[in-house]
Every structure is written in C-alpha cells, then in structure tokens.
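Asks: I'll drop the sequence and a predicted model, then ask my questions.
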Amino acid sequence: MTIPADLRYTAEHEWVAVVDGQVRVGVTAHAATELGDIVFVELPEPGTRVVAGHVAGEIESTKSVSELFAPIDGEIVEVNTAVVDDPALVNADPYTAWLYVVAPDDPATIDTLLDAAAYASLVGA
C-alpha cells in the first residue's frame, strides 16, 4: 500500500496536500481498498464552510456508504467534478483523484494532522 511521505493524513483516512496555500483533500489508498468499487461521491459545493472533524460529503461503494470528514476548518473553493462524474477514478489512483480543495482558516492546523509514518502505524502498514 502506498502512503506518500509528502502528504498529511487523518484518522478517518483522508489525505491532505498543500497546493498554493490551499488544501487539496482525497481519500487514501487504504480507504479506497477497504471501500471496494466506488460508485458515488457527494461533495460540498464551493463556498460551503467546513469544520474539522465534521461531515463534508459522502462516498459510496458496492459494499457501503461512508462519510467524508473535513480535515481542517475553512471554505470549499473547488470540487473535482471528474470524480463526481466517474467515482471509479478514486479506485484507480486515490492520490491523483482528489475530492475537494479548502481555503484553510488557519494553515498551521495542517501540521497537527498525521504524517506518513503515523498514518502507516494507524493502518498497520
């Protein structure tokens, strides 16, 4: 299982990448594998405020429906419509198939998320 070292992670199996001061969010390879074939993704609309640890969307597979949790506080500035149109992209490459982008209220909170080693320990990798 791939756990890129340059990303941050949540205990809810989301990854976070900082891109031009904004936070790109997706689900980890571990989550994609556990979910199985992903068939539906519901994401927040741009302009929506999200709060760390609160529900920010939903991802559905042939096995189950799971909530997506915001990793940080901020405002949604972009969603990946390609993933909404073709949710299987998440299974194909979860680290390319990002879900949404957040303008963080406090960029320093990103440093409180799990690093790759801590996430690997969490999932037993």
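Replies: Noted; the coordinates are in hand.
Asks: Now name the helix or strand holding the most centrally placed residue in the chain.
Replies: In the chain, the centroid-proximal residue (Cα atoms, centre = their mean) is Gly26; its distance is 2.6 Å. In this assignment (DSSP states H and E), Gly26 forms part of strand 22-27.
Asks: Parallel or antiparallel, which strands does that strand pair with?
Replies: As defined by DSSP bridges, the strand partners of strand 22-27 come to strand 14-19 (antiparallel), strand 100-104 (antiparallel).
Asks: I figured the residue nearest to the centre of the chain hits Val101, correct?
Replies: No: applying Cβ atoms under 8 Å as the test, Gly26 and Val101 come out as separate, 10.3 Å apart. The C-beta positions use only the backbone N, C-alpha and C, and glycine is treated the same way.
Asks: check contacts around the residue nearest to Asp105 when sequence neighbours are not counted.
Replies: Closest residue to Asp105 apart from its sequence neighbours, by Cβ to Cβ, 6 or more residues apart in numbering: Asp73 at 4.4 Å. Residues near Asp73 by Cβ atoms under 8 Å, 6 or more residues apart in numbering: Arg49, Val50, Val51, Ala52, Pro104, Asp105, Asp106, Thr109.
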